[in-house]
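Peer 1: Got a sequence here, can you model it:
(one chain, ligands or ions: 2)
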Amino acid sequence: MLEARSLSKSFPTPSGSLSVLSDVNLSVAGRERVVVMGPSGSGKSTLLAILGGLEEPTSGNVQLDEVNPYALSRTRRARFRNQQVGFVFQDHCLLESCTALDNVLVPALAGGRVDDSLVQRGRFLLDRVGLGNRFSHLPAELSGGERQRVAVARALLLRPTMLLADEPTGQLDSISAAYVIDLLTELVDEAGSLLCLVTHDESIAERVYGCPQGRRVHLFDGRLVA
Ligand SMILES: Nc1ncnc2c1ncn2[C@@H]1O[C@H](COP(=O)(O)OP(=O)(O)O)[C@@H](O)[C@H]1O
Ligand SMILES: [Mg+2]
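Peer 2: Ligands and ions are numbered 1, 2, ... in the order given. Okay, here's the model as predicted:
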């Protein structure tokens, strides 16, 4: 369960404080899927970063399964992100000199353990995203859609409590985008994670919220409306 209460965020700028989010409240139950929509610059990425323990809010608080990441030490917060949160960004952010399989195993390496069962799971996930014959390809040897499928597999390796996806299909053509998003939602279901996904593509949004556990919210002027 994700609970965000009265979140606000402002950034200091040379011309004064810039308010990006004000009084944002959001509760997402386990296995629920929330699509966050809103115009460019409305604070969608900022909100996701706050929810994922990457960016401390100016006020308000966040709890994931009753843990407030901002009450943890830096080391414990890093561990929290590693184990409880999966991230997929618009750019795949893969390590260029590592194979597809090694990229998928990065969260296990960062968490300090890569045992046989995790390697098995990495192979299973790559297989599930249609890349069973691409284990040893480097990112440069994959298409954009394939790279993003590796990123999805990586984000779900450790079965995170929550998957955060920020315009994950923003750089893909509509056919690859639909394929990536369908795999992402299937694997989120299999992992039992809750999902918060940002997109401004209506057809992608519908694929995610158009199910019983789906819904969407909009960000306007720093406020969240259902
Ligand atoms: N680190 C920062 N410092 C100053 N302003 C920022 C920073 N990060 C984001 N912003 C500003 O906050 C607003 C919201 O940004 P963002 O969350 O990236 O919007 P979105 O993802 O909806 O396009 C933008 O106006 C952006 O310029
Ligand atoms: Mg953004």
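Peer 1: close to ligand 2, is stretch 151-170?
Peer 2: No: applying CB under 5 Å from the ion, one finds stretch 151-170 out of contact with ligand 2, separated by at least 5.9 Å. In this view, the C-beta of every residue, glycine as well, is placed from N, C-alpha and C.
Peer 1: mean confidence for that stretch?
Peer 2: Taken as a whole, stretch 151-170 has a mean pLDDT of 97.
Peer 1: How many residues are close by the residue nearest to residue 72 when sequence neighbours are not counted?
Peer 2: Closest residue to residue 72 apart from its sequence neighbours, by CB to CB, 6 or more residues apart in numbering: residue 80 at 6.0 Å. Counted with other CB atoms under 10 Å, the neighbours of residue 80 add up to 18.
Peer 1: With residue 104 instead?
Peer 2: 30.
Peer 1: Let me see the contact set for it.
Peer 2: By CB atoms under 8 Å, 6 or more residues apart in numbering, residue 104 lies in contact with 122, 125, 126, 150, 153, 154, 157.
Peer 1: about what we covered before: contact partners for the residue nearest to residue 72?
Peer 2: 53, 64, 67, 69, 72.
Peer 1: again with residue 97
Peer 2: The contact partners of residue 97, taken as CB under 8 Å, 6+ apart, are residue 138.
Peer 1: which ones are touching the residue nearest the centre of the chain?
Peer 2: Taking CA atoms, centre = their mean, the centroid of the chain lies closest to residue 164, which sits 2.0 Å from it. Counting by CB under 8 Å, 6+ apart, residue 164 touches 48, 51, 52, 85, 86, 87, 88, 196, 197.
Peer 1: SS state for residue 182?
Peer 2: helix (DSSP: H, G, I helix; E, B strand; the rest coil).
Peer 1: what about the residue nearest to it when sequence neighbours are not counted, neighbour count?
Peer 2: Counting by CB to CB, 6+ apart, residue 182 lies nearest to residue 207, which is 6.6 Å off, once chain neighbours are set aside. Look at residue 207: counted by other CB under 10 Å, it has 20 neighbours.
Peer 1: any idea which helix or strand carries residue 207?
Peer 2: helix 202-209 (DSSP states H and E).
Peer 1: same for the helix or strand following that helix, what does it pack against?
Peer 2: Using DSSP H and E, the next helix or strand after helix 202-209 towards the C-terminus is strand 214-220. Packing contacts for strand 214-220, counted by 3 or more CB pairs under 8 Å, 6 or more residues apart in numbering; DSSP states H and E, involve strand 16-28, strand 33-37, helix 202-209, strand 223-225.
Peer 1: most neighbours per residue, which of the ones you listed?
Peer 2: Comparing the helices and strands packed on strand 214-220 on average neighbours per residue, with mean count of other CB atoms under 10 Å, the densest one is strand 33-37 at a mean of 22.
Peer 1: can you give me how far that one is from the chain middle?
Peer 2: How far strand 33-37 lies from its chain's middle: 11 Å, per CA atoms, centre = their mean, to the nearest Å.
Peer 1: residues in contact with the residue in the chain positioned nearest to ligand 2?
Peer 2: Going by CB to the ion, ligand 2 is nearest to residue 45 of the chain, at 3.2 Å. Residue 45 is in contact with 166, 198, counting by CB under 8 Å, 6+ apart.
Peer 1: Show me what from the protein comes close to ligand 2.
Peer 2: Near ligand 2, when you scan the chain using CB under 5 Å from the ion, you find 44, 45.
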